[in-house]
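>>> show me the folded form of this:
(one chain, ligands or ions: 1)
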Amino acid sequence: MARIRLLVRKIKIKIMMLKMRGNSNTEGLIDLINYIPDNLTMAEVGCYAGESTKMFLESNKVNLLYAIDIWEDEMDNFKKIRPNHDFSIVEKTFDETMKEFNIIKLKMRFSDALKSLPELDFIYIDANHDYEFVKDDITNALKKVKDCGIISGHDYNNQSPGVIRAVNEFFGEPDVIFSDSSWLVKLNKKT
Ligand SMILES: C[S@@+](CC[C@H](N)C(=O)[O-])C[C@H]1O[C@@H](n2cnc3c(N)ncnc32)[C@H](O)[C@@H]1O
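Residues are numbered from 1 along each chain as shown. Just a heads-up that it's a prediction; the model follows:
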């Protein structure tokens, strides 16, 4: 009995570890997905266990998705919050979840992935939320997104001041902020 209880506890810890979005976070992303157009070639920068990736893919709005992530706790950000955190389990879960979908997985930094990417309609940034990283991700996104494409991302909120600072420096303010604190900017690079 004790062994079963221990096993159940371990499973619960793993499930908790792999959940990135609560209900409110999920609803905001659904609104964002309803907002974006159809027939997208997109990249998600920061996919974790694939919760948001799966939502993009299940919307039927995405023809091809490039999933970019290092699956690595390079600054121990996750271990600080969840001591049992293990990125190898996160990546395995991502791979398992993605089996039914046609994606291109790029296990690398966004800057290293640029050469493998075509022009994109839509880029969703949800990787490292520190200012310098978000700034680099937006700089790289601007190199790859089409003239009238969309750049978007997560955590435009007070818990992630680096996201707010970087987004505002580039764009003034986002065109839309969703209830999960996703931000979105429609580009018009030609004007
Ligand atoms: C907040 S999680 C992504 C959550 C996911 N979008 C979701 O909503 O389910 C952040 C992810 O970014 C990745 N990451 C952190 N720094 C990165 C970097 N410099 N380049 C690429 N990925 C990075 C981490 O490995 C982690 O999986």
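>>> before we move on, which element is E132 in?
E132 is located in helix 131-144, with elements delineated by DSSP states H and E.
>>> now for the helix or strand following that helix, which elements pack on it?
Beyond helix 131-144 on the C-terminal side, the first helix or strand identified by DSSP H and E is strand 145-153. Here strand 145-153 touches strand 120-125, helix 131-144, strand 183-186, going by 3 or more Cβ pairs under 8 Å, 6 or more residues apart in numbering; DSSP states H and E. Just so you know, the C-beta spots here come from the backbone N, C-alpha and C atoms, and that holds for glycine as well.
>>> which other helices and strands does the shortest one contact?
Helices and strands touching strand 183-186, as assessed by 3+ Cβ pairs under 8 Å, 6+ apart, comprise strand 145-153, helix 161-171, strand 176-177.
>>> dump the residue contacts of I68.
43-47, 106, 108-110, 113, 127 (Cβ atoms under 8 Å, 6 or more residues apart in numbering).
>>> ignore what I typed, I meant G162.
By Cβ under 8 Å, 6+ apart, the residues touching G162 are 129-134.
>>> cool, and A113?
Contacts here follow Cβ under 8 Å, 6+ apart; on that basis A113 touches 43, 66, 68, 106.
>>> let me know which of the helices and strands packed on strand 183-186 is tucked in deepest.
Compared across the helices and strands packed on strand 183-186, strand 145-153 shows the largest average neighbour count, a mean of 20 (mean count of other Cβ atoms under 10 Å).
>>> render the CA-only coordinates of it in CSV, please.
Output in CSV follows, covering the C-alpha atoms of strand 145-153 (Å, rounded to 0.1, in the frame of the first residue of the first chain):
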residue,chain,number,x,y,z
VAL,A,145,8.5,37.0,-40.2
LYS,A,146,6.8,38.1,-43.4
ASP,A,147,6.2,41.8,-44.0
CYS,A,148,2.6,41.6,-42.9
GLY,A,149,3.1,38.7,-40.4
ILE,A,150,2.4,38.4,-36.7
ILE,A,151,4.8,38.3,-33.8
SER,A,152,3.4,37.3,-30.5
GLY,A,153,4.4,35.7,-27.2
